[in-house]
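>>> build the 3D model from these lines:
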Amino acid sequence: MTRDPLKRSIRRWFIAWIGLASVAAASAGFADTGAAQHQAPGRTMAQQAVSHKEIWITTDHSKHEILKQPFHSGEEVTRACLACHSEAAAQFHKTIHWTWLDPNVPREKQIGKAGYSINNFCISIHGNEPRCTSCHAGYGWKDKSFDFTDQSKVDCLVCHEQTGTYQKFPTAAGNPVQEPTLFKENNKTYLPPEWNKVAQSVGRPTRKNCGTCHFTGGGGDGVKHGDLDSSLTKPNKSLDVHMGKDGQNFDCVRCHTTVLHNIAGRTYATPAAKDRKSLVEDDLTAKITCESCHTSTPHEAGSKPNDHTDKVACQSCHISRFARVNPTKMVWDWSTAGKKRDGKPYQEQGPLGKPVYDSKKGDFVWAKNVTPAYFWWNGSIEAITAKDMIDPGGTVRINWPVGSREGKNARIFPFKVHEGKSPYDKVNKTLLIPHLFGPPGSDAFWAAFDWKRAFESGMRQAGLPYSGEYDFVETTYVYPTTHMVAPKSETVSCGECHTRQGSRLAGLTGFHMPARDPFKVVNVLGWGLVLASLVGVLIHGIGRIFAGGKHRTSGK
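Below you'll find the predicted structure:
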């Protein structure tokens with residue numbers, strides 16, 4: 001053991017600091033140790049909330065005589081369905097899946113796909129109904145003459161049939177074909193439904209039913225959302241812990257709970273859930289939010305992640321990337337559409353097996369394993385319409401998340417941001433609606449490749465003014481990222497946000513984030529304490545040296 005007072009003091013100081021560091025390390029590791037020994041309460045709550053997977057089925061539709069009669073159309077099948085389910089169509093007629101209009105705003109505002117809402121991928125339905133309404137849960141919406149009051153026009157089968165053989169033809173206004181028909185764009189032959197077989201198979205909607213439209217919206221697999229594509233039809237739990245076939249194996253309706261055919265989910269400016277309630281607080285609440293099953297404190301008691309849930313959405317940590325299997329479209333430039341090769345429209349394929357140019361639609365950029373963008377979000381998304389004036393001098397936000405750090409319900413949330421170059425009216429300063437789909441000889445852009453004719457026709461059919469002068473403007477459109485929840489081993493690490501260089505949250509300012517943002521006052525005080533400690537140790541050591549010398553001089 002050393003007898004030098006200075007060395008002894010330094011040694012004691014060093015041991016003390018080592019001890020403090022050990023305690024801190026043990027505290028930091030407590031959550032991991034606890035997680036290994038005890039399951040986090042949020043996971044236990046979720047397992048209890050979904051513990052009963054068996055759904056009682058009280059009828060076998062293959063035994064119903066009314067479904068054994070010969071059918072020749074979807075409308076005939078629907079009339080048979082309504083013979084027993086007498087209120088189903090009336091309920092469905094009140095939902096956004098039928099009207100394609102936001103039910104939470106006055107109807108005259110026409111907010112929705114069937115109204116004046118606009119986007120920067122397929123742009124708008126007006127004039128393009130036969131193509132767009134192949135994803136409508138109805139039969140025959142080919143133009144403005146469609147009768148929304150006709151209950152027989154409701155397509156029960158697209159959501160409920162379970163054979164997997166029922167298909168609508170891509171350009172037939174929501175109707176299946178009556179004879180084998182080749183669709184040249186995908187070189188696929190569509191077959192007439194076996195009406196009795198599909199009608200007798202009906203059951204609760206599965207991922208395949210929902211994915212028929214939601215996986216391929218916007219013009220193809222994975223085009224729109226990035227977290228919704230065909231890879232979720234039969235995913236493993238590495239792709240989505242809830243939907244994985246080797247995991248919980250949830251269908252969409254497990255979380256998107258439904259009342260009177262109204263399916264829980266966000267509708268334009270209306271949040272998916274107004275209250276952050278769990279099933280513990282209200283056993284009738286929809287299972288649409290993470291907190292519904294996991295509660296607002298899902299992690300082990302005392303763990304740091306629980307301190308984040310008031311300001312950071314679960315998705316921000318648990319969905320580190322989207323489009324992890326199939327690519328998603330990140331950029332769509334309409335301004336380059338119309339080019340031809342040898343006098344004919346053409347496509348160019350890119351490295352991800354997707355077209356990077358299409359004469360009908362312009363240039364594209366696709367990506368996989370995309371890191372989301374992050375915004376403060378309270379669940380509501382505002383948007384402009386084709387009636388609203390824009391400023392073409394900068395990038396036009398077609399829609400944007402609503403929320404701020406000070407907002408009561410706002411949290412940091414992940415998004416896909418789709419960039420585009422969209423047409424606009426140079427005089428009226430509004431975004432334009434082109435007539436895209438139509439037969440040869442029509443004003444449709446895909447028929448004549450004439451933007452002037454396409455804009456005149458599209459705006460006329462939308463009932464909106466057009467000056468005759470057009471150009472293209474940079475635009476953005478956002479999609480909340482809520483699917484493809486990764487296993488806990490693949491969650492976002494602390495250092496991906498709390499870092500000076502390359503923080504995921506670099507775009508969010510106005511607040512101090514430890515390790516990302518320098519805090520000069522704290523830094524000065526911290527280093528001051530370190531220097532003061534060192535000075536104290538030195539003074540103490542020097543004092544001991546002098547005290548030791550006097551001790552030896554006195555002969556004691």
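>>> any chance you could map the strands in the chain?
For the chain, applying DSSP state E gives strands covering 181-183, 188-190, 258-259, 262-263, 328-333, 347-349, 355-358, 362-367, 373-377, 381-383, 396-397, 399-401, 411-425, 470-480.
>>> give me the mean pLDDT for the fourth one.
Right, strand 262-263. For strand 262-263, mean pLDDT is 94.
>>> need the contact partners of it.
Here strand 262-263 makes contact (Cβ atoms under 8 Å, 6 or more residues apart in numbering) with 91, 94-95, 97, 253, 256-257. C-beta: built from backbone N, CA, C; applies to glycine.
>>> okay, and which of these map to helices?
The helices, defined by DSSP state H, take in 91, 97 from the contacts of strand 262-263.
>>> hmm, which two among the contacts of strand 262-263 are most spread apart?
K94 and V253 (18.5 Å; Cβ to Cβ).
>>> hmm, back to that, buried among the contacts of strand 262-263? Need that as a selection in PyMOL.
Typed into PyMOL, the next command selects the buried ones out of these (criterion: 16 or more other Cβ atoms under 10 Å):
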select buried, resi 95+97+253+256+257
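>>> how many neighbours does the residue nearest to P170 when sequence neighbours are not counted have?
Among residues not flanking P170 along the chain, S134 sits closest, at 5.0 Å (Cβ to Cβ, 6 or more residues apart in numbering). Neighbours of S134 under the rule other Cβ atoms under 10 Å: 20.
>>> check G441 too.
8.
>>> could you do V325 as well?
With other Cβ under 10 Å as criterion, V325 counts 16.
>>> in contact with the nearest residue to A462 once chain neighbours are set aside, which residues?
Excluding the flanking residues, the one nearest A462 by Cβ to Cβ, 6+ apart is H126, at 4.0 Å. By Cβ under 8 Å, 6+ apart, H126 lies in contact with 433, 435, 458, 461-462.
>>> ditto for G203
57, 61, 160, 162.
>>> swap in T475?
Neighbouring residues of T475 by Cβ under 8 Å, 6+ apart: 120, 395-398, 419-422, 431.
>>> by neighbours, which of the residues you listed wins?
L431 (28 neighbours).
>>> now do the same for that residue: its pLDDT.
Reading off the model, L431 has pLDDT 98.
>>> what does the one 4 residues further on give?
Among the per-residue scores, H435 shows a pLDDT of 98.
>>> so what's the residue count around it?
Around H435 there are 26 residues (other Cβ under 10 Å).
>>> does it touch P130 like I think?
No. The pair H435 / P130 is not scored as a contact, 11.7 Å apart, by Cβ atoms under 8 Å.
>>> residues contacting P180?
Contacts here follow Cβ under 8 Å, 6+ apart; on that basis P180 touches 189-192.
>>> derive a PyMOL selection command for the buried subset of the residues you listed.
Applying 16+ other Cβ under 10 Å to the contacts of P180 leaves a buried subset, and the PyMOL line that selects it is:
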select buried, resi 190
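>>> pick the one among the contacts of P180 closest to A386.
Nearest member of the contacts of P180 to A386, counting by Cβ to Cβ, is Y190, at 32.4 Å.
>>> got the contact list for the closest one?
Going by Cβ under 8 Å, 6+ apart, the list of residues near Y190 reads 167, 169, 176-177, 180-183.
>>> that one bridge partners, please.
For Y190, the beta-bridge partners are T181 (DSSP bridges).
>>> do you know the pLDDT at it?
96.
>>> again with E108
88.
>>> now the stretch 301-450 of the chain, which segments are flagged as low pLDDT?
The model of the stretch 301-450 of the chain has no residue with pLDDT under 70.
>>> out of the strands of the chain, the one nearest L534 is which?
The nearest among the strands of the chain, by Cβ to Cβ, is strand 411-425 at 39.2 Å.
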